[in-house]
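Participant: What follows is a predicted protein model with its sequence.
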Amino acid sequence: MSRSLAVLRRLRQNPIHHRSATYSTTPTPSPRVSAIVDEISSLTLLEASSLSSALQSRLGVDQLPIFAILSPGATPSFASASGGAASVAPEEKKEEKTSFDLKLESFEAANKIKVIKEVRGFTELGLKEAKELVEKAPMVIKKGVTKEEAEKIVEKMKEIGAKVVLE
């Protein structure tokens, strides 16, 4: 660790006084940053953990930002409250969906009037609104429908030549 402190002291004594005049889309790290990266890369896991804790306390950061926790591939460097290694949460059960949206994908042109009548029946729309809705297919035609009701509507629509999917 004393070697890293020596590098940091040298870097403080020799600050960079000029900036590069070239521009690129990928920023080139300064020699100071490159030296810090090289030094951090050579740390052991125990030293890296110690460095992380020291930076958190010096910067007044209690925990990792939420984006670091949610990012795929992010590896938090803190132990769990029980004092052991960070434990893996058990897989949560996926809640079964109770509310569905019905989407009219397509229909047979010859059955357009039947489809409009059926849409009017379960949406309580007027003739003009139902016609516009059907003509905009693929389109969500009803939201927040229970599974049983949605299945009944899908069956009726299949019978008259329309393709409806649950979302």
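Facilitator: Right, received. Where do you want to start?

Participant: in the helix ranked longest in the chain, what counts as buried?
Facilitator: What stands out as the longest helix in the chain, according to DSSP state H, is helix 45-59. By 16 or more other C-beta atoms under 10 Å, the buried positions in helix 45-59 come out as Leu51. In short, each C-beta sits where N, CA and C put it, glycine included.

Participant: Quick one: mean pLDDT over that helix.
Facilitator: Per-region confidence: helix 45-59 scores 83 on mean pLDDT.

Participant: For it, list the C-alpha coordinates in CSV.
Facilitator: Provided in CSV are the C-alpha atoms of helix 45-59 (Å, rounded to 0.1, in the frame of the first residue of the first chain):
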residue,chain,number,x,y,z
LEU,A,45,-9.1,-8.1,-3.3
LEU,A,46,-8.5,-7.3,0.3
GLU,A,47,-6.7,-4.1,-0.5
ALA,A,48,-9.4,-3.1,-3.0
SER,A,49,-12.1,-3.7,-0.4
SER,A,50,-10.2,-1.6,2.1
LEU,A,51,-9.8,1.1,-0.6
SER,A,52,-13.5,1.0,-1.3
SER,A,53,-14.4,1.4,2.4
ALA,A,54,-11.9,4.2,2.8
LEU,A,55,-13.3,6.1,-0.2
GLN,A,56,-16.9,5.6,1.0
SER,A,57,-16.0,7.0,4.5
ARG,A,58,-14.0,9.9,3.1
LEU,A,59,-16.6,10.9,0.5
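
Participant: packing partners for that helix?
Facilitator: For helix 45-59, not one helix or strand is in contact under the criterion 3 or more C-beta pairs under 8 Å, 6 or more residues apart in numbering; DSSP states H and E.

Participant: where does the chain dip in pLDDT?
Facilitator: 1-26, 62-95 (pLDDT under 70).

Participant: And the helices in it?
Facilitator: Using DSSP H, helices in the chain cover 2-13, 31-41, 45-59, 66-70, 112-123, 127-135, 147-159.

Participant: which one of these lies closest to Lys97?
Facilitator: Closest of these to Lys97 is helix 147-159, at 7.7 Å (criterion: C-beta to C-beta).

Participant: that older thread, would TSV of the helices of the chain with distance to Lys97 be doable?
Facilitator: Converted to TSV, the helices of the chain look like this (distance: least, C-beta to C-beta, whole Å):
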stretch	distance to Lys97
helix 2-13	53
helix 31-41	46
helix 45-59	40
helix 66-70	23
helix 112-123	19
helix 127-135	23
helix 147-159	8
